[in-house]
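Visitor: Attaching a predicted model along with its sequence, questions to come.
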Amino acid sequence: MSDKRVFLIVLDSFGIGEMADAPQYGDENVNTLRSVAASSCFHVPNLERLGLFHIDGVAEEPVIRRQATVAQSQVIGRYARMAERSCGKDTTIGHWEIAGLVSQRPLPTYPQGFPAQVLEEFCRRTGRGVLCNLPYSGTQVIQEYGDAHMRTGDLIVYTSADSVFQIAAHEEIVPVELLYEYCRIAREILQGEHGVGRVIARPFVGPAGGLFTRTPHRHDFSLEPPGVTMLDQLSGKGKSVIAVGKIQDIFAGRGITEHVYTGGNEEGIQRTLEYLDRDFEGLCFVNLVDYDMLYGHRRDVEGYARALSVFDESLPKIMEKMRPEDLLMITADHGCDPAYARTTDHTREYTPLLMYGERVKPGNMGTRETFADIGTTVLQYFGIDSEIAGEELFPH
């Protein structure tokens with residue numbers, strides 16, 4: 001018998017409709033899937049074959065009914081609507097819950113900027129001042145504060161609606177490795193009450209007085225998960241845990257045996273195809289970030305739809321490379337409705353789960369109470385007794 005492998009792909013921010021508590025998070029009438037499905041660029045026949053359009057609530061949307069061509073009896077995947085039990089709607093909490101860790105409290109956010117005691121300690125330890133300290137667009141903040149940063153050497157510190165402490169610096173003023181060291185200092189400071197999900201290095205380049213642009217040298221320094229995750233249990237039993245994209249950062253490297261960063265969806269898909277050709281027993285955990293970073297937050301409906309269509313085109317290659325003991329799981333970590341005009345924040349939504357493999361019996365698993373059912377299913381697929389939240393979805 002060949003080694004078992006699970007390929008768990010997170011389409012970052014691909015929500016499929018608002019949860020009942022969405023208004024508590026400032027979200028009303030949000031639905032990422034509905035918004036992108038209205039675009040002429042949206043074409044996902046392979047996701048449809050896996051069951052996307054038959055998930056609870058999805059088929060009720062008129063825009064989906066008009067496009068649906070695959071009858072329920074023709075679906076080849078096992079599918080479910082996943083509810084988030086954790087308090088929050090950000091990347092870190094969403095991925096943690098997929099891995100079995102339910103967060104009872106949302107990670108802290110700072111709509112008015114970070115408190116004085118945090119910044120005073122940060123300035124003391126870095127020996128540099130701070131500019132901005134407000135929620136800001138990452139591209140806008142470097143245009144407005146970049147010249148002052150170059151004159152003074154002060155660091156541009158800003159946040160967003162997410163639980164993040166972001167530090168922008170020009171690569172000629174603050175070399176990238178030094179910026180990373182400043183982020184490590186911030187990570188040490190931001191614990192407990194101020195334990196943000198991520199500290200993010202945001203290096204940029206460009207001439208003084210000119211147009212500044214961000215470089216590919218972004219790096220995230222995440223809060224370590226506060227409990228046992230699926231990754232811990234898998235690696236603890238000697239299984240491979242391969243992280244593709246920002247998975248390594250989201251889990252602060254814990255429980256991961258191998259990782260590779262990617263420059264976006266295209267590279268993430270390519271790395272996934274390469275790992276499908278490799279021998280290992282365990283999990284390949286993939287994050288495809290462009291839906292969220294490039295299209296959701298920037299409210300780009302057409303770009304989001306095109307990116308989903310590109311992923312859909314890659315699915316036949318992924319499925320062809322799967323071995324008899326392989327399991328494919330496609331899901332998301334939250335929503336980020338690109339047509340929602342009230343904010344540019346994530347949106348509190350259900351997420352899809354699509355499962356495929358020779359051992360998977362097609363069918364509807366209904367609406368699940370927690371993303372953690374995914375982590376428990378992965379563990380039990382490998383015969384590991386789950387120590388995390390969630391119930392098994394894989395039929396025996």
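Guide: Received, thanks.
Visitor: So which other helices or strands are in contact with the helix or strand bottoming out on mean pLDDT in the chain?
Guide: Least confident helix or strand of the chain, by mean pLDDT, DSSP states H and E, is strand 219-222 with a mean of 91. On a contact count with 3 or more CB pairs under 8 Å, 6 or more residues apart in numbering; DSSP states H and E, strand 219-222 meets helix 176-189, strand 198-205, helix 247-250. C-beta coordinates here come from the backbone N, C-alpha and C atoms, glycine included.
Visitor: Of the ones you listed, which stretch is the most buried?
Guide: Across those, averaging neighbours per residue (mean count of other CB atoms under 10 Å) puts helix 247-250 on top, at a mean of 24.
Visitor: hmm, back to that, could you export the least confident helix or strand of the chain as CSV, CA atoms only?
Guide: Once non-C-alpha atoms are left out, strand 219-222 reads as follows in CSV (Å, rounded to 0.1, in the frame of the first residue of the first chain):
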residue,chain,number,x,y,z
HIS,A,219,7.9,38.6,6.0
ASP,A,220,5.3,37.7,8.7
PHE,A,221,6.2,37.0,12.3
SER,A,222,3.2,35.2,13.8
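Visitor: which one is His43 nearest to, not counting chain neighbours?
Guide: Spatially, and ignoring its direct neighbours in sequence, His43 is nearest to Ser309 (4.7 Å; CB to CB, 6 or more residues apart in numbering).
Visitor: gap between the lengthiest helix in the chain and the chain center?
Guide: Scanning the chain for the helix with the most residues, using DSSP state H, yields helix 301-321. Counting by CA atoms, centre = their mean, to the nearest Å, helix 301-321 is centred 17 Å from the centre of its parent chain.
Visitor: Find the helix or strand that the residue of the chain most remote from its centre is a member of.
Guide: Here the chain reaches farthest from its C-alpha mean at Arg151, the gap being 35.7 Å by CA atoms, centre = their mean. Assigned by DSSP states H and E, Arg151 belongs to helix 138-152.
Visitor: which strands and helices sit next to that helix?
Guide: Under the contact criterion of 3+ CB pairs under 8 Å, 6+ apart, helix 138-152 touches strand 130-135, strand 155-159, strand 164-170, strand 198-205, strand 213-214.
Visitor: quick one, which of the helices and strands packed on strand 219-222 is nearest to Met82?
Guide: helix 247-250 (17.4 Å; CB to CB).
Visitor: I figured Met319 hits Leu354, correct?
Guide: No. Counting by CB atoms under 8 Å, Leu354 is not a contact partner of Met319; they are 11.3 Å apart.
Visitor: These two: which has the busier surroundings?
Guide: Per other CB atoms under 10 Å, whichever of Met319 and Leu354 has more neighbours is Leu354, with 25 against 18.
Visitor: residues in contact with the helix or strand that one falls within?
Guide: For Leu354, the host element (DSSP H and E) is strand 351-356. Outside of strand 351-356, the residues within contact range by CB atoms under 8 Å, 6 or more residues apart in numbering are 14-16, 33, 47, 50-52, 55, 58, 76-82, 84, 94, 319, 322, 327-335, 365, 368, 371, 373-374, 393-394.
Visitor: Mind listing what's buried along the longest helix of the chain?
Guide: When burial is assessed from 16 or more other CB atoms under 10 Å, helix 301-321 yields the following buried residues: 301, 303-312, 314-315, 318-319.
Visitor: And for stretch 334-353?
Guide: Per 16+ other CB under 10 Å, stretch 334-353 contains these buried residues: 334-340, 345-353.
Visitor: average pLDDT across that stretch?
Guide: Mean pLDDT, computed over stretch 334-353, is 95.
Visitor: just stretch 68-77 next, same as before
Guide: 96.
Visitor: how long is it end to end?
Guide: 16 Å (CA to CA, to the nearest Å).
Visitor: okay, and for the stretch 251-396 of the chain, where does confidence drop off?
Guide: Along the stretch 251-396 of the chain, the model assigns pLDDT under 70 to residues 395-396.
Visitor: Run through the helices of it in chain order.
Guide: Per DSSP state H, counting those that start in this stretch, the stretch 251-396 of the chain carries helices over the ranges 265-276, 290, 301-321, 372-381.
Visitor: for the stretch 1-150 of the chain, same thing?
Guide: Listed in chain order, the helices of the stretch 1-150 of the chain (DSSP H, counting those that start in this stretch) span 32-37, 45-50, 62-65, 91-98, 116-126, 138-152.
Visitor: coming back round to it: of the buried residues of stretch 334-353, closest to Gly236?
Guide: Ranked by distance to Gly236 (CB to CB), those are led by Leu353 at 24.7 Å.
Visitor: Please name the bridge partners of the closest one.
Guide: Beta-bridge partners recorded for Leu353 (DSSP bridges): Ala80.
Visitor: Look up how far Ile173 lies from it.
Guide: In this view, Leu353 and Ile173 are 45 Å apart by CB to CB, to the nearest Å.
Visitor: Kindly report the same for Arg202.
Guide: 13 Å.
Visitor: cool, and Ile247?
Guide: 31 Å.
Visitor: can you check Ala186 too?
Guide: Ala186 is 18 Å from Ile173, by CB to CB.
Visitor: same thing with Ser235?
Guide: Per CB to CB, Ser235 is found 39 Å from Ile173.
Visitor: repeat for Arg306
Guide: Relative to Ile173, and taking CB to CB, Arg306 is found at 36 Å.
Visitor: same deal with Arg184?
Guide: Applying CB to CB, the value for Arg184 to Ile173 is 19 Å.
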